[in-house]
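# Let's see this in three dimensions:
(2 chains)
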Amino acid sequence: MNPFHYSKPVDVSQAISLAGAASRFIAGGTNLLDLMKENIARPEHLIDITGLPLKDVRETASGGLLIGAMVSNADLAWHPLVEQRYPLLSQAILAGASPQLRNMASTGGNLLQRTRCYYFYDSAVPCNKREPGSGCPAKDGLNRIHAILGASEDCVATHPSDMCVALAALDAVVHVEGRGGKRTIEFADFHRLPEDAPQRDNQLADDELITAIELPPQGFVAHSHYLKIRDRASYAFALVSVAAALELDGDIIRDVRLALGGVAHKPWRDKAVEQSLIGQPVSRENFVAAAEAILRDAKPLEHNAFKVKLAQRAIVRALSDAATGGKA
Amino acid sequence: MSETTNQAFAEHAIALTLNGQSRQLNVQPWSTLLDVLREQLDLVGTKKGCDHGQCGACTVLRDGKRVNACLTLAVMCDGAELTTIEGLADGDTLHPMQQSFIKHDAFQCGYCTPGQICSAVGLANEGRAQTADQIKELMSGNLCRCGAYTNILAAVEEALPQSAAKASAVSEGGIDA
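Numbering: from 1, shown residues only, chains lettered A, B, ... in the order given. Sure, this is the predicted structure:
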């Protein structure tokens, strides 16, 4: 780890005033310190935000929830209001990492996790995300875990978070604050596709801090399910994951959300496909058609063609489980 | 990194409670809690396995919650209450979880054991595991390369109620932590 300066501001404006291109905010540190140990991240200044007053979960006037960025993943997953109103989010969080890491990792930090592409983590090889313009060894290398949707010539990495897949499905809103003031970012717009700038994972500016995540009132309590497919039963990143949520009127779909993890540089949603399910009855046939449509533009690499069929089957299963109550 | 480089960066004074005792320490910003425990304080019960948060050998309790000491900066522990494997026993009386690991022979080489035990105590504090399957899932952050999982599961399963009762008594101030 490189040497660095350390500060611990007591409020958001102080934290923002300290921030710059060579600094990083640190909360749980579960990913950042790992990257620093591997010399992938080399900040000159760490700004410890664990003292900021961003630790509350509170109800909004509209009936949603405002989750402080410093709420730990464990506290969020097990928060009574989240368990009762957003079981999809609880399930997704608990499907990720280990209990120790969930105790440490923050809500804001979860959004800022970097890819677990092994070439990104190996400083002995090129990587456009780590060293822009140096090349991508994953594209023609070992790419079993890599993207099948939305990738570019420059980067085929996937976003590793489970929590973010549920937040995408729930139409969460990210609250950020920087020296230019406060703004909100729709979750779908927060993370980027790699295009020709894979070094940028998201839309945040250097001086911007995530202060909260807002959930709209619709939590799909009765019919939602998070399905994660991985190489072992627990404590592994997703090969494919699906956050599925349905609002049903009898067996007619009134609203539906489908977000995929493990397949792209960001949680993947296809609103046109979701729209095509609305008004349709719950049926395996309709779910299969939606699954095939979502993957229609998939571009698998040498070692991850299996993900296309896996994702399609996972979508059908997640929607079916959601339709029957989502407790499976 | 050279010593001259080090000198350009300030050490930070922190105060914390470690195994029931107040401690004042000077730490470098980049020292992990794991390294400070082992190298600066000679508390070598907490083990360094992967040093990347993947194996759980470094698990300690921070304010009653299990965390990976290898991914925790010591400088960020100012004001924290920490318990390591050395702090679980009450004098010569082992913590119920320690006793249960001995009873069930829940180890071979023993390297993962301090982390397993601290993690299991954290699990009891959380109160979320009732069944063997839930224990397995919620102990998945602790790897055992010897594969002693069957006995670890038996040990945790047996000591969980007693350990949870101890935890709630501590939080209500009934027992000295």
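
# which residue packs closest to the residue in chain B positioned nearest to chain A, ignoring adjacent ones?
Here chain B gets closest to chain A at one residue, residue B:141, 2.6 Å apart by CB to the nearest CB. (Glycine included, C-beta is placed from N, CA and C.) Distance criterion CB to CB, 6 or more residues apart in numbering or on different chains; nearest residue to residue B:141, sequence neighbours excluded, is residue A:98 at 2.6 Å.

# Kindly state the pLDDT recorded for the one you found?
For residue A:98, the model assigns a pLDDT of 98.

# Pick out the residue closest to the middle of chain B.
residue B:60 (1.9 Å; CA atoms, centre = their mean).

# so that residue touches residue B:81, yeah?
No: with contacts counted by CB atoms under 8 Å, residue B:60 stays clear of residue B:81, the gap being 10.8 Å.

# Need the overlap of contacts for the two.
Common contacts of residue B:60 and residue B:81 (CB atoms under 8 Å, 6 or more residues apart in numbering or on different chains): none found.

# Spell out which parts of chain B neighbour chain A.
B:1, B:5-6, B:8-10, B:12, B:28-30, B:32, B:51-53, B:56, B:59, B:62, B:65-68, B:71-73, B:75-76, B:78, B:119, B:122-123, B:126, B:128, B:136-142 (CB under 8 Å from any CB of the partner chain).

# could you redo the last one with a cut-off of 7 Å?
B:1, B:5-6, B:9, B:12, B:29-30, B:51-53, B:56, B:59, B:65-68, B:71-73, B:75-76, B:119, B:137-138, B:140-141 (CB under 7 Å from any CB of the partner chain).

# Buried only: go through these for me.
B:9, B:12, B:29-30, B:51, B:53, B:56, B:59, B:65-68, B:71-73, B:75-76, B:119, B:137-138, B:140-141 (16 or more other CB atoms under 10 Å in any protein chain shown).

# Can you list the neighbours in contact with the helix or strand that contains residue A:259?
Per DSSP states H and E: residue A:259 is located in strand A:252-261. Under the contact criterion CB atoms under 7 Å, 6 or more residues apart in numbering or on different chains, strand A:252-261 has outside partners A:162, A:165, A:168-169, A:220, A:238, A:240-248, A:267-269, A:273-274, A:277-282, A:294, A:311, A:315.

# cool, and stretch B:77-92?
Residues external to stretch B:77-92 that are found in contact with it (CB under 7 Å, 6+ apart): B:14-20, B:33, B:37, B:43, B:45-46, B:60-63, B:95, B:98, B:114, B:117-118, B:121.

# Can you give me the buried ones in that stretch?
Buried, per 16+ other CB under 10 Å, within stretch B:77-92: B:77, B:78, B:80, B:82, B:83, B:84, B:85, B:86, B:87, B:88.

# For the closest residue to residue A:216 other than its chain neighbours, give me its contacts.
Of all residues not flanking residue A:216 in the chain, residue A:64 sits nearest, at 4.8 Å (CB to CB, 6+ apart). By CB under 7 Å, 6+ apart, the contact list for residue A:64 reads A:214, A:215, A:216, A:217.

# Now the buried members of those residues.
Counted by 16+ other CB under 10 Å, these give A:214, A:215 as buried.

# For the contacts of residue A:64, give me JSON lines that also has pLDDT and secondary structure.
Below are these laid out as JSON lines (pLDDT from 0 to 100; DSSP: H, G, I helix; E, B strand; the rest coil):
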{"residue": "A:214", "pLDDT": "98", "secondary structure": "strand"}
{"residue": "A:215", "pLDDT": "98", "secondary structure": "strand"}
{"residue": "A:216", "pLDDT": "98", "secondary structure": "coil"}
{"residue": "A:217", "pLDDT": "98", "secondary structure": "coil"}
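
# Identify, from the contacts of residue A:64, the entry nearest to chain B.
residue A:215 (22.4 Å).

# quick one, strands of the stretch 51-200 of chain A?
Secondary structure of the stretch 51-200 of chain A (DSSP state E, counting those that start in this stretch): strands located at A:57-59, A:65-68, A:173-178, A:181-186.

# oh, I was asking about chain B
For chain B, applying DSSP state E gives strands covering B:12-18, B:21-27, B:59-62, B:65-68, B:81-83.
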